[in-house]
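In: Curious how this folds, go ahead:
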Amino acid sequence: MKRVARHGRLALMLIVVLLACRADHHLASKRPVIVLVPIGSVPMEVLVHLQRELSPILKRDVVIGAAIPLPETALVASRNQYLGSALLEDLERHDVPQAERVVGVIDADAFAPGLNFIFGQAKLPGRYAVVALSRFRDSFRGRPENVAKFHDRALKETVHELGHTFGFEHCPNRKCVMHFSNSFGDTDYKQAQFCEREHVPD
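Out: Numbers count the residues shown, from 1 in each chain. I've put the predicted structure just below:
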């Protein structure tokens, strides 16, 4: 058992090193780069899914950056939620200067003043966005987990928040990724693509 555990740790370390080398390569290139920054512990399979799917939609390289600690000052203990604006401020303090856009991904619940919860928040326009994963899970509502839907929701809302960083506002087209999501249903109905109203600059 100890030998298996040791091999598992070595494999994980190798994956981390390979991802770091790949990130350095992309950040050194001239093509615009989006960096996904895990805030605290975030499932690697979600980050890898976002990395793979975001690139063709936004026509940019996407890399997984180094994780940053959960910001204690952003947690509102009485609600057990993180304040979105505080997450963005902390993300800015951990900036990746070479990146065109920086997206913080947190496996927790978040909110904004006047709203019970948010799926994410972004500077409009700007370089920073944050996505909160907790509510994308069916298990958050006590339903059987659907990993494919979880990944799909995370992708759509990450594209949505990145759209805000490019200056896009909410779209009335319910199929457009920039349509505002109040619920699972809204997110599941819309596509991961921008409609004809929006065009991401090259």
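
In: Beyond the lowest-mean-pLDDT helix or strand in the chain, next helix or strand please.
Out: Here the helix or strand of the chain ranked lowest by mean pLDDT, DSSP states H and E is helix 2-28, holding a mean of 47. Where DSSP states H and E defines the elements, the next helix or strand beyond helix 2-28 is strand 33-39.

In: now V33: how far from L83?
Out: Going from V33 to L83 by CB to CB, to the nearest Å gives 28 Å. From N, CA and C alone the C-beta is placed, and that goes for glycine too.

In: again, but for R60
Out: Taken as CB to CB, the span from R60 to L83 is 28 Å.

In: do F184 as well
Out: On the measure of CB to CB, F184 and L83 end up 23 Å apart.

In: try V177
Out: 25 Å.

In: Neighbour count: the two, which is higher?
Out: V177 (25 against 20; other CB atoms under 10 Å).

In: Let's verify the nearest residue in space to the more buried one that is not next to it in sequence: helix, strand, or coil?
Out: Ranked by CB to CB, 6 or more residues apart in numbering and with sequence neighbours excluded, the top spatial neighbour of V177 is V159, at 4.9 Å. Three-state call for V159 (DSSP: H, G, I helix; E, B strand; the rest coil): helix.

In: May I ask you to confirm that V159 is in contact with K190?
Out: No: applying CB atoms under 8 Å, one finds V159 not in contact with K190, separated by 9.9 Å.

In: Quick one: low-confidence residue ranges for this protein.
Out: For the chain, the stretches flagged by pLDDT under 70 are 1-29.

In: Recalculate using a threshold of 80.
Out: Residue ranges of the chain with pLDDT under 80: 1-30, 202.

In: which residues in it form helices?
Out: 2-28, 44-58, 84-93, 147-165, 184-189 (DSSP state H).

In: and the closest residue to A67 other than its chain neighbours, what are its bridge partners?
Out: Among residues not flanking A67 along the chain, P38 sits closest, at 4.1 Å (CB to CB, 6+ apart). Counting by DSSP bridges, P38 is bridged to V105.

In: show me what contacts P38?
Out: For P38, the contacting residues are 47, 64-65, 67-68, 104-106, by CB atoms under 8 Å, 6 or more residues apart in numbering.

In: and with 10 Å instead?
Out: Taking CB atoms under 10 Å, 6 or more residues apart in numbering, we find P38 in contact with 44, 46-47, 64-68, 104-107.

In: now swap in P32 and tell me
Out: 58-61, 99-101, 200-202.
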